[in-house]
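In: sequence below, structure please.
(one chain, ligands or ions: 1)
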Amino acid sequence: MIVAVDGPAAAGKGTLARRLAAHFGLAYLDTGSLYRAVGLRVLRAGANPDDTVAAEAAARGLTPADLTDPELRAEATGAVASKVAAQPAVRAALLQFQRDFARNPPAGAKGAVLDGRDIGTVVIPDADRKLFVTASPEERARRRWAELGAKAPPLAEVERTMAERDRRDQERAAAPLKPAPDAFLLDTSDLDIDAAFAAAKAYISGANTSGTN
Ligand code: C5P
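Out: This next block holds a predicted model:
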């Protein structure tokens, strides 16, 4: 069983994907952390995120330790991640790892949940279940702002940087952010996590396959 969970930043897909994985006994991979780790490696090497040679080298040199870096979740890291993620060579370097994880999940799990931007469209187009999780831009910015707590910049700035990242992710030529034609669309703007989880669970269990919540 492979479940693809795609969608824009702060739509709730990470929390949802983690909870679905625990519920169905599946392994979980946050693919955004791979792009974030590549972005951080590029920055720490003193290179420019738009430098394709440096970005591809960073992607090919990723180690498990890169994926536990506390800086991974910073807002600035998300922005750099979306720059390196626009490069086809970076995406190609990370593709096989994601596919291997899905096909041979660790610790004997009987399947996997992967969340990202292109799981249902490019990484695992034949995934058993595909969710596309969205929320309004205002609601997503508000959630990210609340998450950042005391370190949060003004809400308007969070809205602006998120809009920029959305645009970069949607408009890039390589694996742009968009729902797979057969994805189940889940708009969480007016749903709390329990309601979003219930809708996703019903879809995955086959109780709701109508294509929307
Ligand atoms: O999901 P997260 O916010 O951690 O992703 C960071 C960035 O990584 C995204 O804005 C996107 O540019 C990139 N990404 C991607 N494809 C994925 C996962 C993340 O391009 N499957």
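In: what does this structure have sitting close to the ligand?
Out: 9, 31-32, 35-36, 78, 81-82, 85, 116-119, 165, 169 (C-beta under 6 Å from any ligand atom). The way it works is simple: take the backbone N, C-alpha and C, and place the C-beta from them, glycine included.
In: check those residues for the minimum pLDDT and say which it is.
Out: Lowest pLDDT of the residues of the chain next to the ligand: residue 78, 91.
In: need the three-state assignment for that one.
Out: Three-state assignment for residue 78 (DSSP: H, G, I helix; E, B strand; the rest coil): helix.
In: on that earlier part again, the residues of the chain next to the ligand in helices, which ones?
Out: Judged by DSSP state H, these include 32, 35, 36, 78, 81, 82, 165, 169 as members of helices.
In: how about the contacts made by the first one?
Out: Think residue 32. 14, 78, 81, 115, 116, 117 (C-beta atoms under 8 Å, 6 or more residues apart in numbering).
In: the fourth one contacts residue 9, correct?
Out: What it means is residue 115. No - Residue 115 lies out of contact with residue 9 (C-beta atoms under 8 Å); the separation is 11.4 Å.
In: now the contacts of residue 32 as CSV including neighbour count?
Out: What follows is the contacts of residue 32, written out as CSV (neighbours: other C-beta atoms under 10 Å):
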residue, neighbour count
14, 19
78, 20
81, 24
115, 26
116, 28
117, 25
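In: nearest to residue 42 among these?
Out: residue 81 (9.8 Å; C-beta to C-beta).
In: got a pLDDT number for residue 148?
Out: For residue 148, pLDDT reads 88.
In: now it: how far from the ligand?
Out: Applying C-beta to the nearest ligand atom, to the nearest Å, the value for residue 148 to the ligand is 13 Å.
In: contacting residues for that residue?
Out: 75, 158.
In: same deal with residue 127?
Out: 2, 3, 4, 102, 119, 120.
In: tell me the backbone dihedrals of it, please.
Out: When read as degrees, to the nearest 10, the backbone of residue 127 gives phi -50, psi 150.
In: name the nearest of the ones in helices among the residues of the chain next to the ligand relative to the ligand.
Out: Closest to the ligand out of those is residue 32 (2.3 Å), distances taken as C-beta to the nearest ligand atom.
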